[in-house]
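In: Show me how the following folds:
(2 chains)
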Amino acid sequence: MLDIRGLNLAIAGEHSSRQILNNVSITVDSGEAVGLVGESGSGKSMTLRSILRTEPRNARVTGSITLDGIDVLALRGEPLRLMRARDVSMIAQNPHAVLNPVLPIRQYLVEGMHDAQGLSVRSARLRAGELLEQVGIDHVDRVLGSYPHQLSGGMLQRVVIAGAIAGRPRLMLADEPTTALDVTTQAEVMAILDDCRRELGMAMLFVTHDLDLAAAICDRINVMKDGVVVETGAPEQLRDDPQHHYTRELMDSRPAGVIWTRTAGGAE
Amino acid sequence: MGPLGSIAVGFVALVVLGALLAPIIAPYDPTIGSVTQRYQGPSMAHLLGTDQAGRDIFSRLLWGARSSLTGPLIVVVITAVFGTTLALTSVWWGGIVDSFMSRVLDLLFAFPNLLLAMLAIAVFGPSLTTAALALSIAYIPYTARVIRSTAMRERNLPYTRSPQLQGISGVTITTRHLLPNVAPLIVTGATINFGFAMIELAALSFLGLGVQPPQADWGLMVSNGQQSLLKGYPAESVLAGLCIVLTVAALGYIGERLGGRAAAGRKA
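Out: Predicted coordinates:
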């Protein structure tokens, strides 16, 4: 479904340009969860930004990104807006930064459904409540009326997930969605994200620096270093027989005693 | 706001109230005087005395507050509406549109405000409306520039970026996300502009290019009182001038405090 082929991205400086992505090829099939693992600055986030066409203005992109055969890199204006509204949604790292501080949660959800997806305000309001229930929020009315600063990071990230699944996109991009959260909340939010994805049959490209986390929820993992995808494989394959020395290093740098597990409904 | 702020707000409220209630509380018609009553000192019949035409100065000050306040009000409203629209459009589209608008604003900057106003008056004839409209045009660049710079910063924050990724249209993002977050600045700017506009409109009235005699207007009163001043009756000019100075100072102080408050809120 998502097919990134030979993607190069260079950012032009005053005198020289800096190569951020080098011949990156990643595929995500329908309903599949694919991990993109690497350290900070490896180009993971820039890959996501290229898919949504929010790369920096001075970036030069070559190669191809297609979504169900549509050339994403050629999209502009209204078709691009529609792709963002209907086909692909994004969950960012820090929900506090994403939500407008002066608007209540209800506005955030209703606006997304009304303005982007064309639902009437009335049905968007009804659906906002349903969505919050779907992401495991109990006091729906209270949360809908709250402002971002009144809610915890975990709660806000659930709201963002609710917004991201509202349009039933085919592809969800998740950029370290739990990094900004504390450890106990991380697991909850991750489980909700995984459940929603499976329930709605969405594909996901999951960006993280945490190999274990990726292994727990992804069908396939791409390991990225310095703008290059160095290895691709199923989690078990990377665990048992890492081909690239960087993958091995990543494995060795994990805290001891962590056991690779798949969440319920996984392949094992 | 502190004690000084309370005094400032109180004074402005008093002036506004005086202007609104002028028809009820003014003891005399501001345009009709009696030659036998010229240059009266303060008395129970004439609280602040009379001018060279025997008109009651207190009544004229009350009625004068009307034109002295409506003029700047027109300027401030027009300036805020157009300045904000220009700034936000410019910020949203960026690129060529932004450069073009900036150049047009630079061009307007090159004209001294009063000169632009006099030009308009030379063409359309002297009246308060013409003076106010002309000043509005002269003030738009100031407002637009200040709002543009703040909006530019807000535009690049994640909360205005992320709706774009949800496929929300530019118009919605601008009006629902950008606008509320620059609103404090608009209010502050308007308050300060009000003071400037008041002085410049008074100057135009003083020159005989704004409000026309025998209407009451503070700027006009300062000008009318010149003759009396030389004859040793300074009341009219001094009192009207005092009204202008105090109102402008009070508004300036309020504006500054509002601005400080908005800045503090932004940091928090």
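
In: any low-confidence regions in chain A?
Out: Counting by pLDDT under 70, chain A has low-confidence residues at A:255-268.

In: For it, what lies in contact range of chain B?
Out: Residues of chain A found near chain B (Cβ under 8 Å from any Cβ of the partner chain) are A:52, A:54, A:81-86, A:89-90, A:92, A:94, A:97-103, A:107, A:111-112, A:115-117, A:163, A:167. No exception for glycine: its C-beta is placed from N, CA and C like everyone else's.

In: residue contacts, B:H177?
Out: Taking Cβ atoms under 8 Å, 6 or more residues apart in numbering or on different chains as the contact definition, B:H177 lies against A:N100, A:L103, B:Y159, B:T160, B:P163.

In: Quick check: phi and psi at it.
Out: The phi and psi values for B:H177, taken as degrees, to the nearest 10, are phi -110, psi -50.

In: which residues of chain B score low on pLDDT?
Out: With pLDDT under 70 as the threshold, chain B has low-confidence stretches at B:1, B:263-268.

In: Which stretches in it count as helices?
Out: When secondary structure is read from DSSP state H, chain B shows helices at B:2-25, B:57-93, B:95-109, B:113-124, B:128-155, B:158-165, B:170-172, B:179-206, B:218-230, B:235-267.

In: what comes up buried for the lengthiest helix in chain A?
Out: The longest helix of chain A (DSSP H) is helix A:183-200. Under the neighbour-count criterion of 16 or more other Cβ atoms under 10 Å in any protein chain shown, helix A:183-200 has A:T185, A:Q186, A:V189, A:M190, A:I192, A:L193, A:D194, A:D195, A:C196, A:R197, A:R198 buried.

In: Dump those residues into a markdown table; add distance to B:R60 as well.
Out: Formatted as a markdown table, the entries for those read as follows, by distance: Cβ to Cβ, whole Å:
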| residue | distance to B:R60 |
| --- | --- |
| A:T185 | 69 |
| A:Q186 | 73 |
| A:V189 | 70 |
| A:M190 | 75 |
| A:I192 | 71 |
| A:L193 | 72 |
| A:D194 | 77 |
| A:D195 | 76 |
| A:C196 | 72 |
| A:R197 | 75 |
| A:R198 | 79 |
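
In: Give me the phi and psi angles of the residue of the stretch 51-200 of chain A found nearest chain B.
Out: Among the residues of the stretch 51-200 of chain A, A:A85 lies closest to chain B, at 2.5 Å counting by Cβ to the nearest Cβ. In terms of degrees, to the nearest 10, the main-chain angles of A:A85 are phi -70, psi -40.

In: Just give me the neighbour total for it.
Out: As a burial measure, the neighbour count of A:A85 was computed by other Cβ atoms under 10 Å in any protein chain shown and equals 22.

In: next one: A:D115
Out: The criterion is other Cβ under 10 Å. On that basis, A:D115 has 21 neighbouring residues.

In: Wait, it touches B:S169, no?
Out: Yes. Taking contacts as Cβ atoms under 8 Å, A:D115 lies within contact range of B:S169: 6.0 Å.

In: so of the residues of chain A next to chain B, which ones are in strands?
Out: Secondary-structure check on these using DSSP state E: residues within strands are A:S89, A:M90.

In: Show me the residues of chain A next to chain B that map onto helices.
Out: Among the residues of chain A next to chain B, the members that lie in helices (by DSSP H) are A:R81, A:L82, A:A97, A:V98, A:Q107, A:E111, A:G163.

In: Just the CA trace of stretch B:140-151, in CSV.
Out: As requested, C-alpha coordinates have been extracted for stretch B:140-151 and formatted as CSV (Å, rounded to 0.1, in the frame of the first residue of the first chain):
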residue,chain,number,x,y,z
ILE,B,140,-2.9,49.6,8.9
PRO,B,141,0.8,48.9,8.2
TYR,B,142,1.8,49.3,11.9
THR,B,143,-0.9,46.9,13.1
ALA,B,144,-0.3,44.4,10.3
ARG,B,145,3.5,44.3,10.9
VAL,B,146,3.2,43.7,14.6
ILE,B,147,0.6,41.0,14.2
ARG,B,148,2.5,39.4,11.3
SER,B,149,5.6,38.9,13.3
THR,B,150,3.8,37.2,16.2
ALA,B,151,1.6,35.1,13.9
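
In: so what's A:L9 up against?
Out: By Cβ under 8 Å, 6+ apart, A:L9 lies in contact with A:Q19, A:I20, A:L21, A:G43, A:M46, A:S50, A:E55, A:A59, A:R60, A:V61, A:T62, A:G227.

In: Contacts for the longest helix of chain A next, please.
Out: Here helix A:183-200 has contacts from A:33, A:91, A:134-136, A:152-154, A:157-158, A:161, A:165, A:168, A:172, A:174, A:177-178, A:181, A:202, A:204, A:213, A:216-217, A:263, A:265, using Cβ under 8 Å, 6+ apart.

In: got it, and stretch B:153-165?
Out: Residues lying outside stretch B:153-165 but in contact with it, judged by Cβ under 8 Å, 6+ apart, are A:52, A:54, A:84, A:89-90, A:92, A:94, A:97-101, A:111-112, B:91-92, B:170, B:172-173, B:177-178, B:181-182.

In: Also stretch A:43-61?
Out: Identification of contacts with stretch A:43-61 by Cβ under 8 Å, 6+ apart yields A:2, A:4, A:7-12, A:17, A:20-21, A:24, A:26, A:36-38, A:65, A:67, A:72-73, A:75, A:80, A:84, A:88, A:90, A:173, A:175, A:205, A:207, A:209, A:224, A:226-227, B:161, B:164-165.

In: Also stretch B:107-117?
Out: Contacts with stretch B:107-117, where a contact means Cβ under 8 Å, 6+ apart, come from B:A131, B:A134, B:L135, B:I137, B:A138, B:Y139, B:I140, B:P141, B:E200, B:A203, B:L204, B:L209.

In: between those residues, which is closest to A:Q237?
Out: Looking at the contacts of stretch B:107-117 and their distance to A:Q237, the nearest is B:P141, at 63.5 Å (Cβ to Cβ).

In: ok, that closest one - how many residues close by?
Out: Residue neighbour count, defined by other Cβ under 10 Å, stands at 22 for B:P141.

In: before we move on, what about A:D182?
Out: Under the neighbour criterion other Cβ under 10 Å, A:D182 is assigned a count of 10.
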